[in-house]
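> I would like the atomic coordinates for the input below:
(2 chains)
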There are 2 protein chains.
Amino acid sequence: MRAQSGAVLRRLARRLADARSGNQPLRQLSSAAAAAAATGDERREGREEEHGWQWKRAALGAGLGLSLLAGYAATSRRAHADAHAHPGASPSDPAFQVPARVDLPVYKREEVKKHGKGSERMWVTYKMGVYDITDFVESHPGGDKILMAAGGAVDPFWALYAQHKTIDVMEVLEGLRVGSLDPTEPAPVHTADASDPFSTDPPRHPALIVNNPKPFNAETPPSLMMDNFRTPNDLFFVRNHLPVPKTDVEKHRLRVEGLGVGEGKEVDLSVAELKKKYKEHYVTSVVQCGGNRRADMQKFKKVAGLMWEGYAISNAKWTGVRLRDILIDLGVDPADERIKHVHLEGADVDPTGKPYGASIPFEKAMSPEVIIAYQMNDEDIPADHGYPLRCIVPGVVGARQVKWLTLVRLSDVESPSHFQQKDYRAFSPSVQHGEELDWNSVPSIQDYPIQSAFCLPASGTTVDRDSATSLPFGPVVLAEYSFPKDGTVDVAGYAWSGGGRGIIRVEVSPDGGETWYSAEMEQDPDQNQDKMWAWTLFRASIPIPEGAQTMDLVVKATDRSYNTQPETAAGIWNIRGLLHNAWHHVEVKIRG
Amino acid sequence: MRAQSGAVLRRLARRLADARSGNQPLRQLSSAAAAAAATGDERREGREEEHGWQWKRAALGAGLGLSLLAGYAATSRRAHADAHAHPGASPSDPAFQVPARVDLPVYKREEVKKHGKGSERMWVTYKMGVYDITDFVESHPGGDKILMAAGGAVDPFWALYAQHKTIDVMEVLEGLRVGSLDPTEPAPVHTADASDPFSTDPPRHPALIVNNPKPFNAETPPSLMMDNFRTPNDLFFVRNHLPVPKTDVEKHRLRVEGLGVGEGKEVDLSVAELKKKYKEHYVTSVVQCGGNRRADMQKFKKVAGLMWEGYAISNAKWTGVRLRDILIDLGVDPADERIKHVHLEGADVDPTGKPYGASIPFEKAMSPEVIIAYQMNDEDIPADHGYPLRCIVPGVVGARQVKWLTLVRLSDVESPSHFQQKDYRAFSPSVQHGEELDWNSVPSIQDYPIQSAFCLPASGTTVDRDSATSLPFGPVVLAEYSFPKDGTVDVAGYAWSGGGRGIIRVEVSPDGGETWYSAEMEQDPDQNQDKMWAWTLFRASIPIPEGAQTMDLVVKATDRSYNTQPETAAGIWNIRGLLHNAWHHVEVKIRG
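Below is the predicted model of the structure:
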């Protein structure tokens, strides 16, 4: 009985959750080819319609779902609002408008921490309130994602999911209150240690899956990845090679020099000058680490490097000025055959003072999609992602998209940087560990090959044969989101290819690649199949085969050049575990 | 003993054969990346050096090899030169200068035909001479390729291999003479049948492997494919959809019209006008049929279409004028956003009078590599390949490189042609035979995915463990040609990727993909890794594994975007068998 009403609630809750927050609305494409053929105008109209519809649906959800949820969160322990319960909340803040009990115990943060994920009673804090979410988890519209906050604050998560900031939600939350944080306890302070070059690194979102703390490297949690077409800044994966440099937007300069500019003609541009002198452009574009899915390649055969699972990839809107505009303004001739490469350097330096560096081909640098960005998702680029300037090179591996950009140098040769010459080059599978490496025998990685992976479900998930509601699905961005049918497994993930080659299809298999189903795709309607810098999100409901005890789920994508992914790492394995793009497998168990 | 001296002779003969005829000299690249980094000037010098060296080597071979061969072709049956033996031969023709026996029988062509490949005594004709090559085959510098001519004329083959036209070779040949063709027999005449639309198709080279006679479709013989970096016109694979149209270079017109040109401003250009008005350019570029290697995909699961084995791909130098130059001259603005596609039509028509048609994206049409060609390998384009004009679209599937070009139309939509709309689109493996096809759900093929295949050895070849000389190798073009070592299998073939993405490596495996070896590559030194329109030829000597009775040879390539080929057809199979690019396997048996 309880389970049944739980399922009903969950369905209603999902209806509510099926809204997108803060993202540019995007259109679901049943056929990428059809979309490519459609004119821009038709597509824009379509989007607006769906946008309206979506928010109507969300509103309906709020009306239906949350009042029920509030009812479900039965115990009517309401008290009067108290300024102590939500200190600092403005009168317009829903938290201020919902009465909270003040007759409950006061806790230190250390005590809350003991009530983390997996403990008997799981607690979270919101502002100064302490809440027991144990019995609520099953009804949470966002599924068990709420457990990510267990033992700590939900505030950083609510910052990403604006739908929480309503009176209805506050009412549910206050129904779960078990106490307040001790107002006399000082807020945790980040203490800088002068001997640690990483001590001034910025604070990070608690949901990031840390691969290495110093230098900081972390993946986006896959369970949150499908919630936004543009990855929120706080959840964007981080790949730092060195400590985050302290930059000052007033003092920061971008030096532009080299072949075609000429000695004495080089410039040092401030961020303000850049913005003033050149036209602003934006591009929605993926950054993917060359080592993404390395852990998967390691399963095939040992490789060396950070063990990224598959979520060292994110997608954001980048705003800035075109590199080509700057170079042409400085008198660089796009047809100058002496210039072959453009070096890029960052403000991040190694212990010997050498900056991070890379280079891209001159022709790519002159392409309109390459920008010197100062905004990420319409905000200043965060410290971890290159504040105040980052070179965005759509279609190319992350390692060339230099953060904290200080230098652009036109040259006849590639950057001499270690990261260009002795890293980010994928050897042949015939080269073994321990061999002397001939780095010149392999070209530096630029364009990324075609890639795709599941974000949901996680490997090892158990699924009920008769109901497919047990998956930890949050609000996926696909507009035609429908409830999973009984007897199916819902899957979702991303696909992307380098060089602007659009994804023309994503196919998923329930049986290791014997049978295929085409997935629904969501793509950026402002980009076409020949210049698709943003990723493709996909979703499919796969029927559970009769009698199956387990399912070997597989995903693979095809791009505009009809390139596709290899089945296994057999032909692409390389000692550094770079560019792993074999078919992605997820094993789920079937119950019933 | 005989076998041993045969082997010695064969080695010497190969040294001779290791010369390239008529092709632009090309440089062997031990590392593609190193070449990409080298400057153009250095590379050009390098080539010239090698060029000189090569011809020196060839001359040495002629001195050493053929005098020995002449000695081997023992029987000294020489007689005086006789004009009857070589009627029509000019005094400068080596054939004229070598005495031939005239006391031998006279044969009709029908009689010669009975002495074809596999018969007890194998004959060939050259001009009017009849020769028994049975005992010579083993010593032939070009290996058993000579059997392709058995039962008929070697003249079309010698037209391709100029090294035969020497007095030394004529001496060997005359040593094999068994008679002469009957001078009273009329030469075979091609008789046109007015009721057969194909009756005016041109004559073809006898070595082509015919897949379908009407319309004519034929592959390059793989055993001859490695002999030239640029495929000779006569051996270039042919993919005709309709009868070859009769075109007249004087009357032929290219009409240019559509969006951006404007009504009343369209032009009808003669071939002479084209040549006069626009600057001449050339590009060495591959044409590959979308159905290449379909027979291989059929082994995985039934597909529909012409059963191309893997040699519906060739590489030639194309000379003509840039399409962009014509369009800009007609006032077309490269930034005109209304123009999305460029339609191309040929003079070949179906029974209802509809011409062959296709289209390419406008941006591609405006790229400098796209040319309206009037020459193929420095000769007028042959009838089968589009005389007098063909649109060459490097990096793109053959079906868009329209032959007998009559029309260029700028448009906002793709060509409505059947060949654009309902063919040359590769469905998902989830689409089965018999299903209603939603052609709009898949984009038309443009860029080709990465491809590679062996040309040699042929599947089923038996190799001696202790000597690797039994493979049917001819003179491969790789400059650093070395004799195969005992205990190895020599392999060779081609690799290519669409979109100008250069091949960065080719790897071969002796054991189905467990172990890999990097192959040597030959590439066009005038092209770089980001604009590589020509193919890559590869060669490798693979050690025969201990105790192996058979070898499952595999080849796969990697391109500049680090895209690679899928292991099998499992993820790319499609009902039409298009774009098969899985790993290519060849099985060889090991003797000893």
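
> Quick one: name the residues of the stretch 301-450 of chain A near chain B.
Within the stretch 301-450 of chain A, the positions lying close to chain B (Cβ under 8 Å from any Cβ of the partner chain) are A:361, A:363, A:412-414, A:426, A:428-430, A:438, A:440-443, A:445-450. Any C-beta I mention is one placed from the backbone N, CA and C, and that applies to glycine too.

> which ones among those are found in strands?
With strands identified by DSSP state E, the entries of these that belong to them are A:Pro361.

> Domain map for chain A?
As recorded under the TED database, the domains making up chain A are A:96-187, A:448-588.

> Endpoints of the first one, how far apart?
What it means is domain A:96-187. Across its full length, domain A:96-187 reaches 21 Å between end residues, using Cα to Cα, to the nearest Å.

> Give me the mean pLDDT for that domain.
Rounded to a whole number, the mean pLDDT of domain A:96-187 is 90.

> Check the offset of that domain from the chain's centre.
Once both centres are worked out by Cα atoms, centre = their mean, to the nearest Å, domain A:96-187 turns out to sit 25 Å from its chain's centre.

> can you check stretch A:524-544 too?
Averaged over its C-alpha atoms, stretch A:524-544 has a centre that lies 15 Å from its chain's centre (Cα atoms, centre = their mean).

> near chain B at all, it?
Yes. Stretch A:524-544 lies within reach of chain B by Cβ under 8 Å from any Cβ, at A:529-530.

> Find the closest residue to chain B in the stretch 151-300 of chain A.
Nearest to chain B, among the residues of the stretch 151-300 of chain A, is A:Gly290, at 9.4 Å (Cβ to the nearest Cβ).

> ok but that residue is inside a helix, no?
No. A:Gly290 sits outside any helix when classified using DSSP: H, G, I helix; E, B strand; the rest coil, being coil.

> Hmm, it is touching A:Leu578, no?
Yes. Counting by Cβ atoms under 8 Å, a contact exists between A:Gly290 and A:Leu578, whose distance comes to 4.9 Å.

> Find residues that contact each of the two.
Residues touching both A:Gly290 and A:Leu578 comprise A:424, A:426, A:445, with contact defined as Cβ atoms under 8 Å, 6 or more residues apart in numbering or on different chains.

> Most tightly packed of the domains of chain A?
With neighbours defined by mean count of other Cβ atoms under 10 Å in any protein chain shown, none of the domains of chain A is more surrounded on average than domain A:448-588, at a mean of 22.

> how far does it stretch from start to finish?
By Cα to Cα, one end of domain A:448-588 lies 29 Å from the other end.

> pLDDT on it, on average?
For domain A:448-588, mean pLDDT rounds to 89.

> Also stretch A:194-205?
For stretch A:194-205, mean pLDDT rounds to 90.

> all strands of the stretch 401-550 of chain A, in order?
Taking DSSP state E, counting those that start in this stretch to define them, one finds strands in the stretch 401-550 of chain A at A:405-411, A:451-456, A:462-464, A:488-496, A:503-509, A:517-518, A:520-522, A:536-543, A:550-559.

> Please report how far the residue of the stretch 151-300 of chain A closest to chain B lies from A:Val396.
10 Å (Cβ to Cβ, to the nearest Å).
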